[in-house]
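S.K.: Pasting the sequence and the predicted coordinates here, then a few questions.
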Amino acid sequence: MASDRCLYVGDGGSRELTGASESGVDVVFIRAPYDTVTGNRQEWPGAKISALKEGFALVGVTDRGDFGLGSSQGQVQLGGHCCPMSGNTRRPRNLLLTGASGVGKSTLLKKVGYSLKGRKIRGFFGEAIWEGGQRKGWRLDTFAGDGGTLAHVDIHSQYNMGEYGVDMVLFDRLVDSQLHLGSDVDVYLVDEIGIIAPWSTKFVSTMNALLDSSRTVVAIIRTSGGGYVRQVKDRTDVEIWEVTQGNREQILDKILAWIAKS
């Protein structure tokens with residue numbers, strides 16, 4: 001049984017979720033409302049359910065006794081047992097990349113974009129501005145070659161990330177040009193859903209439309225935070241992958257494979 005035809009459901013009690021994910025299996029964290037045990041359970045940033053029946057719903061099975069599907073349609077791993085996967089099951093088209101600051105998420109997204117030769121893409125990626133060995137701000141550039149300085153110590157704005165003033169006019173302009181739904185676009189790449197996102201109603205509404213659509217979306221999302229960041233993470237139609245120092249060189253191929261299947 002191929003790993004990309006499986007769904008593993010577990011409670012994180014022995015860190016099995018990480019192992020399943022690293023083997024290429026889609027993973028869902030389960031915790032029932034009445035389960036108050038914490039112990040050494042693993043925190044899981046990905047999909048979550050509160051009842052096993054929700055796991056069956058994820059793979060298009062509405063009756064646990066109705067498994068009259070051909071073996072060629074694959075199987076689903078649910079709580080250590082196998083059941084057939086519905087032939088019309090489709091993986092989420094929204095992939096969220098998270099990870100510690102400075103781990104290389106923006107560089108990774110840039111590599112993803114430039115690796116998608118022959119695909120019609122839109123989106124943007126951030127890049128730090130260094131002057132005299134010190135970080136002075138960030139650029140935001142599109143894969144079409146447009147862009148500019150998004151945040152800088154010399155920008156005076158009502159919107160600030162610490163010492164960096166933010167050019168929200170530039171941000172909204174790039175959102176308009178890159179993130180609107182288009183029938184000619186295969187993949188949208190977004191850097192990032194983070195601090196700036198809730199400052200722009202244009203970004204929030206446009207991003208929601210993308211996530212709700214049938215288009216493929218790969219977006220960087222802030223590791224922590226509530227509000228809009230939490231709303232996006234809590235969606236049932238997203239996958240969340242963590243980028244680390246240990247996997248950032250290998251995960252590019254995994255992302256490209258994920259896009260190819262979406």
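M.R.: Ah, there it is. Quick caveat, the model's predicted, so the values are computed rather than measured. Numbering: from 1, shown residues only.
S.K.: Isn't residue 236 up against residue 47?
M.R.: Yes - with contact defined as CB atoms under 8 Å, residue 236 and residue 47 form a contacting pair (6.8 Å). From N, CA and C alone the C-beta is placed, and that goes for glycine too.
S.K.: who does the lengthiest strand in the chain pair up with?
M.R.: Under DSSP state E, the strand in the chain containing the largest number of residues is strand 121-131. Applying DSSP bridges to the sheet, strand 121-131 is found paired with strand 134-142 (antiparallel), strand 187-193 (parallel).
S.K.: before we move on, back to that, higher neighbour count, residue 236 and residue 47?
M.R.: With neighbours defined as other CB atoms under 10 Å, residue 236 and residue 47 compare such that residue 47 has more, 24 against 12.
S.K.: Chain neighbours aside, what residue packs nearest to the more buried one?
M.R.: Nearest non-adjacent residue to residue 47, counting by CB to CB, 6 or more residues apart in numbering: residue 28, 4.6 Å away.
S.K.: secondary structure element for the one you found?
M.R.: Using DSSP states H and E, residue 28 maps to strand 26-30.
S.K.: mind listing what the helix or strand just after that strand pairs with, with the direction of each?
M.R.: Elements were assigned by DSSP H and E; along the chain past strand 26-30, the next helix or strand is strand 48-49. With DSSP bridges as the test, strand 48-49 is paired with strand 26-30 (parallel).
S.K.: tell me the secondary structure for residue 229?
M.R.: Taking DSSP: H, G, I helix; E, B strand; the rest coil as the rule, one finds residue 229 in the helix state.
S.K.: no wait, residue 119
M.R.: Of the three states, residue 119 takes coil according to three-state DSSP.
S.K.: same thing with residue 184?
M.R.: Taken by three-state DSSP, the conformation at residue 184 corresponds to coil.
S.K.: and the residue nearest to residue 127 when sequence neighbours are not counted, how many neighbours?
M.R.: Spatially, and ignoring its direct neighbours in sequence, residue 127 is nearest to residue 139 (4.8 Å; CB to CB, 6+ apart). If you count neighbours by other CB under 10 Å, residue 139 ends up with 17.
S.K.: Quickly note the distance from residue 139 to residue 147.
M.R.: 6 Å (CB to CB, to the nearest Å).
S.K.: before we move on, what about residue 200?
M.R.: Residue 200 is 16 Å from residue 147, where distance means CB to CB.
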